[in-house]
Structure formats: structure tokens, C-alpha cells
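J.: Next comes the sequence, and after it the predicted model I'd like to discuss.
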There are 2 protein chains.
Amino acid sequence: MTWLQIKAEDMFCNSSPCCNDAGFLQKNNSLDEKSRMVGAFKESTKNQMCDNSERFTRAETDFSNLFARDLLPAKNGEEPTIQFLLEVVEILTNYVRKTFDRSTKVLDFHHPHQLLEGMEGFNLELSDQPESLEQILVDCRDTLKYGVRTGHPRFFNQLSSGLDIIGLAGEWLTSTANTNMFTYEIAPVFVLMEQLTLKKMREIIGWPNGDGDALFSPGGAISNMYSVMVARYKYFPEVKTKGMSAAPRLVLFTSEYSHYSIKKAGAVLGFGKENVILLKTDERGRVIPADLEAKIIDAKQKGYVPLFVNATAGTTVYGAFDPINDIADICEKYNLWLHVDGAWGGGLLMSRKHRHKLSGIERANSVTWNPHKMMGVPLQCSAILVREKGILQGCNSMCAGYLFQPDKQYDVTYDTGDKAIQCGRHVDIFKFWLMWKAKGTIGFEQHIDRCLELSEYLYNKIKNREGYEMVFEGQPQHTNVCFWYIPPSLRGMPHGDERREKLHRVAPKIKAMMMECGTTMVGYQPQGDKVNFFRMVVSNHAVTKSDIDFLIDEIERLGHDL
Amino acid sequence: MTWLQIKAEDMFCNSSPCCNDAGFLQKNNSLDEKSRMVGAFKESTKNQMCDNSERFTRAETDFSNLFARDLLPAKNGEEPTIQFLLEVVEILTNYVRKTFDRSTKVLDFHHPHQLLEGMEGFNLELSDQPESLEQILVDCRDTLKYGVRTGHPRFFNQLSSGLDIIGLAGEWLTSTANTNMFTYEIAPVFVLMEQLTLKKMREIIGWPNGDGDALFSPGGAISNMYSVMVARYKYFPEVKTKGMSAAPRLVLFTSEYSHYSIKKAGAVLGFGKENVILLKTDERGRVIPADLEAKIIDAKQKGYVPLFVNATAGTTVYGAFDPINDIADICEKYNLWLHVDGAWGGGLLMSRKHRHKLSGIERANSVTWNPHKMMGVPLQCSAILVREKGILQGCNSMCAGYLFQPDKQYDVTYDTGDKAIQCGRHVDIFKFWLMWKAKGTIGFEQHIDRCLELSEYLYNKIKNREGYEMVFEGQPQHTNVCFWYIPPSLRGMPHGDERREKLHRVAPKIKAMMMECGTTMVGYQPQGDKVNFFRMVVSNHAVTKSDIDFLIDEIERLGHDL
């Protein structure tokens, strides 16, 4: 036994913690008092005895003869359990350390068939018999070795990137607590943290007193789906009971360059993809409000019923912010639900410098906002926020008696499960709450401002550089910088189909080489009539100007001879 | 610097990992070779120098002057980062250790208003300014202190319980990897693990060669929703494009005591709750096949179109298994989609002794199976498995160009994102894969058999005991044991409304006392015309007969004077 404070607690904890007197509804605080005494003892022990000494000791352990069955709850399982977890932690902390080290590769690429065949003994197949803990530790190392370091300062491939240490600690704690958000009963602290954090987010959106309702959901696509469901319930509540046949033909509107989840929600919820009407955008990828109004009028003339408009705050590719106020005016005029998909751009609300880009968001009926994107929170953390209180409950409640008993001893309005389309719900709040505590609102603001500065640096660096063409003119609104790299062989070529076809193949080739080399990763895609171009984004707090420089050097190194 | 192997690696890792020659599509293995050399060095260092010594050292660190901004990626952030994470790990390993210690309370109950007011300085409110890492560590301790120990051997409150150490290690690794399942590109190892594990699950279901398709989804309710979506797509694919108005009035069938998520799926997907037709059950809570057939005929006569039947394998409250083969016969006769909701009971497929209870499951078109319930995998881990390959893709694909580029360098059929209703998808596979490796198929079988033995022990203990009445006769099919505790004051009372009303209040009162005392937790609910009764379930591998005895003693101690 090497944990000094455990010994201290053992001195106090032999009696049963249960209350034996008749006053069973009075909280018995005897254990609390013991805890406080133990706490004090621990402090004094620490102060007197433990300065500069280890508070736990790794014992050299032979894991080759140990199996899962030897860990807790096995008899004498405590020591192997602690040693095993510490060994895992060594693997993980090493991984963390190397993730921030630029001499580490972003990834060690292998094709599916290579990994399936088994890399240097890394066997993915499952078997009937248990493997030793030594093998399990090797498997953990190999899993990380052949994965992708999404926290690496040169990983720019996704809107979600970075590895926040506080958020990571929060996730480790969340997994250890291993509970479920559906009731206050089994997640009292997390339920309250969620409530307070979501209220704070609603205040930041600008809804009076932060009133309204909200939930964390498993990602922005589901959050957007919630918005469509809630809109339908608001205008046609009978659909919940009778189905879509109780409503007229309903249509939804969203930008041609909005996230595909709006169209997916249309398909899933029974509207049909073709009733999701796509709006034209300007050259910067922002919805043209006049096109919205024209299409609303057109739909009404056809006898359809316009229901819902999605305005995107930060499109996936261009990072465009639709003009929310103009769209809100039209929604008010025609009495439509206004949703703002701020999955990507919502984070800018934390910045006094940039939040004007979402001006009008306080007029939205619902908002999607993913802290796991621009705010650097570990995956997954996506909020759906709704201005009208009670409507999530009305829309989704099924009143399951086995879970949401009305005769519990506490205020059951804190049971959130019946508002969700899920039953069990993962604890996504804690890491975010902990990061907010640790950074403060101001820390998020600094993070956002810094990421936008870095993308401005990139934009200024390449906008007039030889071999680059910007996909749209002018400074980007978000961190998205979209550009083509034109290899020397294409620079003199006249614009036309041949050049288009060749240019279309450049980004995939460079990307493939980056991945084979493992030096960096950045996204590319075509959009509309534009052939494949790079989309650079910054959301990782580890990125510096040198990493931006590195990306450009790397594109030129790899693409020069194409 | 106290990590011996880090020093070793530093000796080798100064050069850039990127490949500089023209053969950029050849994998450059120089870093791999270095890693192997480092590995060998580490081994020898360990063997020669480190026997029985620590491989990392906790340095006494004053966290009161450290902030999140001092951690990585900050300059010189490595040491504080490691020390902070180790301090968190101490909190977590202490929590783990105490969770398995029966002298620890299951929970330290407080009402919402008490926690919101701030318990002994535990302040849930967020602020503008950052807090010190010392405060963050205190917040971590307090979060666990006021939570519920779902891994405690006397926590019986939910179908998901227990704290598997391997699964926990898997979750810690998953959070550290912090990636997303949508593409092979950024989650190569996890994508392959998911594929192999889901194939294994399909083999266990009994589908030929394990063929078919599947996904992990955020919980059983979403998995069940997938099954309804896929059924609709199979019979009425035009709904995806045109909406529910392209289909006739479709009806779904499920047990009156099935999980509420089937009804919820009906509401969400636009069928309407009233088109989810509830089937009568026998006295043990199993669907009566004749009632299904009668209701299909009735629906057809009304001009509705029967689409989908859900058979539950392990109902939430009774743990009943619907007779799948009989239901499958009817589904074949009327050409309906058969879904088996095995969220709770699917785990029994791992047991040669108990899998006969799901006999006929291989005839299902789709299956929900939650390893996070009966198999003890940490939350969340729920699979939706579909017999027909390609149908998930057909149903859900939207072909987003920015994510699922067809011109990637690898086989893009490994990109799973377009099969899901989500865009980003949490990595739920790794903990499960790792547990399977560590326990073997045989370990899951032993776990299942043991939990069922324990519930048999409980059943035998109370079935004839004074003061107990069983809610249904005969040995339970699953670990669910449903019973009333009748306090002495009610034992002589004639059956009638007064006794019913009083009995209805017994379970909530005992439960409230349990929670106030923090000694144990078990669920209760009414069902149909049955007043509140206890539902005992076992899925935690830490439970022993002594814990079952304790529960009964505790119910009697707390309920004796009611």
C-alpha cells in the first residue's frame, strides 16, 4: 500500500455509512464529518510527511501473467488495478506529450488491408480466450501508433482539432463516473452543470435572462434535426400523434452550402429531401435573402406550407455567415421558424471582436452550437438551444414510468431524459464545464481571436503569392481559407476544361502525399462548379504561425512537380 | 525530467519525420525504425536500471499558481501537464478503489437546490476569469463526491451498472485519441475495430457469414429509431425524397411493455404515435403472437399498411423475451420487417446456457444490442445491426463532398459516416473491443451466466419469504426480479383500494430512504394495473450474494415501520 492518504482514510472508515436511526429522512452527516477529518489529516500528512515525495508509486509489475479477471472487483485486485491503470496512463501521457511535439508525425498511414493483415503483430481480430494484460497494453500502444493525432499542431483536417488538457482530464473523469444524463437521480452534478452551462450559452446568444431550453446532443447533425422536430411540433403538434399525414406539405429552407444534416433531417423526419429547398448564395457563400423570399412565395403559390428556415453561422467549407437579421425579418413576415446552425461559427459569440458576424442570432427560435468545434472542447459536445421553454419536453416526452417516476423525493423537473430523442444520454457536459472554469469566458475569447488571427495570417500570406488562387475574394469571415495551389506546370495553361481537370486532381494528390508522409493534414473538396480546392481551418490552440508556414511549404514541396 | 524512456527517445528524435525524397508515395519508415530502436532501448533500460523503481515520479507541484494557460501547448508546459494529469489520475484511481469498497456510500444525496447553493464551497457557476488548477482539482474531487457511484456493488438502479477496469482504460484512451468515426482517414484503427466487432456480433446473431451492416449509435433509442427508418426505406424508398406523403398510412407493432423508444421513433419519423400499435402480453410480459396477427389483419382491413414489428428480447421492467420465432412466422406471412430490440437482452447471446431465449433472432431484419447494458461495457455502446448489406447507406447517404471525397487514396468504402444520421460520431468501439480482447468471448459468457445466477439466488430467496410478493409467477427469464415488499402494517389488510394506495407508496418511500442513507439503489415503477414495485436487475460484475442479501436486509430495515 503506497497511497498515504488511503491509509489515513482507512483509520476512519470501518463503520457502516448507513444511517440507523429513525430519522431516515434527515440527512446523516456522520460520513461527511469523517471525510472532513480525513481531509484535514491528509493535508497535515501531506504537509508534514509528503513534501517532494511521491504520493503513489509504480511497482514493476509483470502483466504477462495477469488477466482482466485479476483486476477489481477480484479479491486482492486493488494493486494490479492501480498498476494497470498507471501503465495505461503512462502510455497516454507519452502520447499527449508527443502530440504537441512537432518532430512527431501527424499519422503513420496504412491502407485498410495492411492494418487488417496485422501490422507487426497488431492483431485486430477478437478471440474466444482472454489475452494477458501485457498484450492489452501493447494493443493500447498500437492503437495510438496507427491512429491520427488530431491534437497535433499540424492537423488541420477537420473543424474539430486540438487536444485540450483540461478537457481531456474532464473526459477521463466522465468515463470514470460512467453515468447517464437521463435523471438527476444518477447524475445530479452533471445535470446541474448542464443546466447552468446551457443557460449561460443562452445568455450569450442574447435571449432575455437566458430563458429557454436546451440539451447536449450527439453532434451537430442531431442538434439540427432537433430544431426541425421542434419547429414541426410548434406549428403542427398533432404530427406527434397522427404523423405527417396530419400536416400539409411542409417545406424547409436552407442554403445550398449549408451542412447536409438539414437535408438529412428532412429525409429522416418524413418531410422528404425534395421538400428541403436550397437557397442561392452570393460569391462568398452567404444566403441571398431575396432568394429566400422568392422561394417562400413560390412554395406558397404551389400550395405548400413554408415551416422552417436554417441560417448557417459558419458554413462548413467557406465559413460563411448568412445574414441572420435579414433572414429573421423574412421569417417574421411569413411566420416561419428560424434556426441558426452555429455548429461551427457559434464559438465566435464568445469574442467581442467577432460576434457581430452572428448579429441577429437572438431573434432565432433555435440554435445549434458545437463547443467541440471552434471552442476546442473534446468530442462530442454539441448543444441544441431553443428559445421557447417547454417545447422540447412537449415535442419528445413519452413519460416512461420506469424512469421518470413522478413520486420521487426530489424535484423531478431536473430529470432531463424525456426531453431527448435518446433514452440514455452520454455525459458531454463535464469536460466543457471544467474547461470553462479553467479558462474563464475570457479564455475562450482569447482562443477564438487567436485562431482568427492565424487564419488572417494565412490569408495575407497566400492571397498574392505565386501559385495560389483564392476560391472567393476578400478576407474570410471565419477561419476557413479556401484556395487552389497551382503547380508550375499549370500556371501558364489557359483556363478551360483541360486545366480544370488537371487542377481537380492536384489537391487529392497533395493530400495523399501528406498522409503518406504523415507531416500534416488539411481538407479539400469541390463545391458547386469549383474543382477540388483546399479548405484550411484553425481551431487548435497549439497552432502557431510556424505551422501555417509549414503547411504552405509542404504543399509547395509536394505539389511542385505535379 | 523524470521519465526515463523520454530521455531515451530524446536521443533519437531530433530529425524531421517527413520524407524528403521524390518517392513520396513510398512509405518512409525511418521513424518506425527509430521507434523500434527506442523500444529496444527502453526495454533494456528498464531491465537494467528500473526494476522495482518508478518509471515516473510525481513531483510535488503547487497548482495554486498554475492555470490552464500554463499547460501544453504552452512553452515549458510539459512538466505541469504531466503533473496535472497525474494528480487527476490520483483522484480517479482513488475513486475507482473506493467504488469497489462496500464501506463507501453509493451516493451522498443532496437536493438540486442544495447543490445549486454551493456545497462547502463547491460552486457550479461559471465565471469570466480563469480559476487555478488547484481549484480545478478540487472541482474534480467535488464532482465525484456528490455524484452517484454507478459501479458500486450495491448500485442496482439501472440496466447499465458496474465499472469495468479494462473498459475504463479503453475510454481514457478514446478520449486521448479524441477523434471521430466518420472517416477512415482520421480514425483508421477504430473504423476497422468497429467493422470486425460488428461482424462478430452478426455472426453471434446467426446471420450467414456475419454478413450485413451495422453501426454503433448513441444509445438504444437511436438504434431502434434506425431500425424503423431502414424498414421504411426498404419498403418505401421514395419517402426519403418525397416524405411520408409518398407512402400509405403505415403502422408499426410493438409490445405494450416494450421500450418507449419505438413509440418515440414513430413520433419523430413522422408516422405518429397512434400508428404505433401496442400488442397485448401474457402474464410474464411476453407478446401474444395471436394478438399481433389479429391487429395486423385489423389494420389491413382499415386500409392501413403494416410495415414493422418490434420483438423485445428483454423488456425493461420484466426482462421478458417475446417469442421471436412465432413473431417471425407472422412477419414472413405478411411480409413485414422484423426488428428485435435486444438492447437489454442481446447480451444473453454470448451465453450458451441462455441464448435459447432469443431463439429465432437470426430471422430478424435488424437487431438492437447494447453492450453497455448486460455486457458491462462503459456508457455509451449500442449497436444497430441490419441483415441486408447496403441498406443503411441507401437510407441515409447524402454524399457530402467535403467529407466523403471519392478521390481519396484509400478504399473509401471504409468511410462510415454517410451511413449514419449523425455527421460526427463518437468512438464507442474501442472500450468494447479492448474488453473483448481482455476477457475473450468466454469472459462475457461467464459474466452473463453469473449475473443470471445471482438473480436466480434473489428470486429463490424472496419468492416464499414473508413480506414479499412476486409481480409475476415463475422464474424470471432475465436478471429482472420484480417484487413488492409488504410492510407488516399492510400484511393483514384485505386486498382492495386502500391496500393498493398504501402499497403504491411503499417503494418510493423505501427508495427515498435508501438514497438519503446512500446505502444502495434499486429501481421501482408501476406497470399497467400494478402499483409501484421494485425491479431488481444485476449487470455489475462486482455484485455478490452478500450484496443481494444486503439489499433485502436494507429494504426490510427501511420498510419495516411503514
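T.: Here it is on my side, so go on. Just so it is clear, the structure is predicted and the values come from calculations on it, not from any experiment.
J.: CA only for contacts and neighbour counts going forward, please
T.: OK.
J.: For the stretch 351-500 of chain A, which segments count as strands?
T.: A:366-369, A:382-386, A:468-470, A:481-485 (DSSP state E, counting those that start in this stretch).
J.: Show me what the second one is packed against.
T.: Put plainly, it is strand A:382-386. Here strand A:382-386 touches helix A:188-205, strand A:213-217, helix A:220-235, strand A:366-369, going by 3 or more C-alpha pairs under 8 Å, 6 or more residues apart in numbering or on different chains; DSSP states H and E.
J.: List the pairing partners of that strand within its sheet, with orientation.
T.: Using DSSP bridges, strand A:382-386 pairs in its sheet with strand A:213-217 (antiparallel), strand A:366-369 (antiparallel).
J.: Quick one: closest of these to residue B:467.
T.: Judged by C-alpha to C-alpha, the one of the strands paired with strand A:382-386 that comes nearest to residue B:467 is strand A:213-217, at 42.9 Å.
J.: Can you check what angle separates the closest one from helix A:188-205?
T.: Counting by axes from the mean of the first three to the mean of the last three C-alpha atoms, to 10 degrees, strand A:213-217 lies at 110 degrees to helix A:188-205.
J.: gap between the closest residue in space to residue A:385 that isn't next to it in sequence and residue A:102?
T.: Closest residue to residue A:385 apart from its sequence neighbours, by C-alpha to C-alpha, 6 or more residues apart in numbering or on different chains: residue A:214 at 4.2 Å. Per C-alpha to C-alpha, to the nearest Å, residue A:214 is found 39 Å from residue A:102.
J.: Surely the residue nearest to residue A:385 touches residue A:384?
T.: Yes. Using C-alpha atoms under 8 Å, residue A:214 is in contact with residue A:384, at 5.5 Å.
J.: quick one, which of these two is more surrounded?
T.: Counted by other C-alpha atoms under 10 Å in any protein chain shown, residue A:214 and residue A:384 do not tie: residue A:214 has more neighbours, with 30 against 27.
J.: give me phi/psi at residue A:340?
T.: phi -110, psi 120 (degrees, to the nearest 10).
J.: same deal with residue A:479?
T.: According to degrees, to the nearest 10, residue A:479 has phi -80, psi 0.
J.: and residue A:554, what does it touch?
T.: Residue A:554 sits next to residue A:514 when contact means C-alpha atoms under 8 Å, 6 or more residues apart in numbering or on different chains.
J.: Indicate whether the biggest helix by length in chain A makes contact with chain B.
T.: Determined from DSSP state H, the single longest helix within chain A is helix A:429-462. Yes. Legend: contact between helix A:429-462 and chain B by C-alpha under 8 Å from any C-alpha of the partner chain is shown at A:433-434, A:436-443.
J.: List the buried residues in that helix.
T.: For helix A:429-462, the neighbour count (16 or more other C-alpha atoms under 10 Å in any protein chain shown) marks A:429-445, A:447-452, A:454-456, A:458-459, A:462 as buried.
J.: can you check stretch A:478-490 too?
T.: By neighbour count on 16+ other C-alpha under 10 Å, the buried set for stretch A:478-490 is A:478-487, A:490.
J.: One more: stretch A:220-239?
T.: A:220-234, A:236-239.
J.: try stretch A:56-67
T.: A:56-59, A:61, A:63, A:66-67.
J.: for residue A:196, what are its contacts?
T.: Contacts of residue A:196 by C-alpha under 8 Å, 6+ apart are B:124-126.
J.: that older thread, give me the subset of the buried residues of stretch A:220-239 touching chain B.
T.: Filtering the buried residues of stretch A:220-239 for proximity to chain B by C-alpha under 8 Å from any C-alpha leaves A:220-222, A:229, A:239.
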